[in-house]
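J.: Whatever this is, show me its structure:
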Amino acid sequence: MRSDLYPEIEPVLTGHLDTGDGHAVYWEVSGNVRGLPVVFVHGGPGSGAKPIHRRFFDPEIYCIVVFDQRGAGRSRPFGAIERNTTPDLIADMERLREHLRIERWIVFGGSWGSTLGLAYAETHPEQVIALILRGIFLCRPSELHWFLYGMKEVFPENWRRFAGYLPEAERDDILGHYHRRLTDPDPAVHLPAARVWSTYEGACSTLLPSPETVRGFGEDVTALGLARIEAHYFVNDCFLRPDQLLEDVGRIRHIPAEIVQGRYDMVCPIRSADDLHRAWPEAGYKVVPDAGHSAFEPGIRAALVQAAEKFKKLKA
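T.: Alright, predicted model coming up:
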């Protein structure tokens, strides 16, 4: 079974979907427009999608739908947090599915994309053919605390740069004080804070150091979209009920699924994937023994491609 990314491709259709409340969501379709639909749900929230995300799927078989969530990437207005909630994003996905005249699709998402993918599927199970989920994030208080404080146990140098950006008196509420800076209208205030937040996440995302990954996370557009929208979601508990995703998993246990998790994922530790799999034992569960968080760790990349290959035989 294939385990390498497919060659680079260009979209055959692109557009911006008017949400009716001030946002315009960028979308694109690649591959076989009459093929098996799959929607790529990017992480963050706020990081945006990249051309490489098209390459997990066989373009001869799949109708590959990629979109940027509200405020992210090529969606407009960039960095906007007004009317930007998890229910809004779920509604956008449904609006996009209907706009593209897709009856059902496979949902593929990692990190925050696993959160939104699960929330969407649990809301609209009848529209989901299968799920491929990576780096599971259930948005529980323990997971948010780990990101803000716990990663210092493994990445103390990176955490010191992250926490040390704030005055010492503010470090007991890292999220609140970063959120205040990231939502400040002055670029001289929000951009430096965004770069520090985003590069902290990037530096902790791979098993081995990856300067290329850190540079990507430090680019202004990626950094601002990721940091501002991520902080916005975090201060609002991701706009989910406590334990919502696990409590509602019964709505989707009949849907084919593959869960892929890096053993040494420090951004979204394996405890959450394990909890999800115990609640959903019917789902396939692949623990990659030599990987961290990034979708492009060799073992995770291979497992994701293999999951997409496995589902090629499914019917829309």
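J.: Is Ser114 within a helix or a strand, and which one?
T.: helix 112-123 (DSSP states H and E).
J.: again with Val214
T.: Counting by DSSP H and E, Val214 is found in helix 211-218.
J.: starting at the chain centroid, how far to that helix?
T.: Computed by CA atoms, centre = their mean, to the nearest Å, the chain-centroid distance of helix 211-218 equals 17 Å.
J.: Tell me the buried residues in that helix?
T.: Using 16 or more other CB atoms under 10 Å as the burial criterion, the residues of helix 211-218 that qualify are 213-214, 216-218. Placement of C-beta: from N, CA and C, glycine included.
J.: ok, the spatially most central residue of the chain - contacts?
T.: Of all residues in the chain, the one closest to the mean position by CA atoms, centre = their mean is Gly43, 1.8 Å from it. Residues in contact with Gly43, defined by CB atoms under 8 Å, 6 or more residues apart in numbering, are 109-113, 135.
J.: what's the spacing between it and Gly284?
T.: Separation of Gly43 from Gly284 (CB to CB, to the nearest Å): 21 Å.
J.: Equivalent analysis for Asp186, please.
T.: 48 Å.
J.: Look at these two and report which has more neighbours.
T.: With neighbours defined as other CB atoms under 10 Å, Asp186 and Gly284 compare such that Gly284 has more, 14 against 8.
J.: Quick check: pLDDT value at the closest residue to Ser210 other than its chain neighbours.
T.: Leaving out its chain neighbours, the residue that sits closest to Ser210 by CB to CB, 6 or more residues apart in numbering is Ser294, at 7.5 Å. With respect to pLDDT, Ser294 has a value of 98.
J.: What lies in contact with the host helix or strand of Val38?
T.: Per DSSP H and E: Val38 is located in strand 36-41. In this structure, residues lying in contact with strand 36-41 by CB under 8 Å, 6+ apart are 49, 53-54, 56-57, 61-67, 93, 96-97, 100, 102, 104-109, 113, 116-117, 120, 129, 308, 311-312, 314-316.
J.: So what are the sheet partners of it and their directions?
T.: strand 62-67 (parallel), strand 105-110 (parallel) (DSSP bridges).
J.: what's the offset of it from the middle of its chain?
T.: In this view, strand 36-41 has its centroid 14 Å away from the chain centroid, taken as CA atoms, centre = their mean.
J.: just the CA coordinates of that strand, formatted as CSV?
T.: What follows is strand 36-41, C-alpha atoms only, in CSV (Å, rounded to 0.1, in the frame of the first residue of the first chain):
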residue,chain,number,x,y,z
LEU,A,36,-14.9,10.3,-3.8
PRO,A,37,-15.2,13.5,-1.8
VAL,A,38,-12.8,14.2,1.1
VAL,A,39,-12.6,17.5,3.1
PHE,A,40,-9.3,18.5,4.7
VAL,A,41,-9.8,20.3,8.0
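J.: Show me the shaky parts of the stretch 151-300 of the chain.
T.: Along the stretch 151-300 of the chain, the model assigns pLDDT under 70 to no residue.
J.: hey, where'd the strands end up in it?
T.: 257-262, 284-288 (DSSP state E, counting those that start in this stretch).
J.: Tell me which of these is the most buried.
T.: Neighbour counts (mean count of other CB atoms under 10 Å) averaged over each of the strands of the stretch 151-300 of the chain peak at strand 257-262, with a mean of 26.
J.: so what secondary structure elements neighbour the helix holding Val214?
T.: Here helix 211-218 touches helix 187-203, helix 220-235, going by 3 or more CB pairs under 8 Å, 6 or more residues apart in numbering; DSSP states H and E.
J.: angle of that helix against helix 220-235?
T.: Relative orientation of helix 211-218 versus helix 220-235 (axes from the mean of the first three to the mean of the last three CA atoms, to 10 degrees): 70 degrees.
J.: who's in contact with helix 211-218?
T.: For helix 211-218, using CB under 8 Å, 6+ apart, the contacting residues are 195, 198-199, 201-203, 205-206, 222-223, 226, 294, 296.
J.: go with 10 Å
T.: For helix 211-218, the external contacting residues (CB atoms under 10 Å, 6 or more residues apart in numbering) are 47, 50, 158, 194-206, 210, 222-223, 226-227, 292-294, 296-297.
J.: related to what we said a few turns ago, state the distance from the residue nearest to the centre of the chain to Ala49.
T.: From Gly43 across to Ala49, the span is 9 Å (CB to CB).
J.: Mind listing the shared neighbours of these two?
T.: Common neighbours of Gly43 and Ala49 (CB under 10 Å, 6+ apart) are 69, 72, 113.
J.: mind listing what the last one touches?
T.: Contact criterion CB under 10 Å, 6+ apart gives 40-45, 47, 49, 53, 69, 107, 132-135, 137, 295 as the residues in contact with Gly113.
J.: how close does Asp172 get to Ala163?
T.: Taking CB to CB, one finds Asp172 at 10 Å from Ala163.
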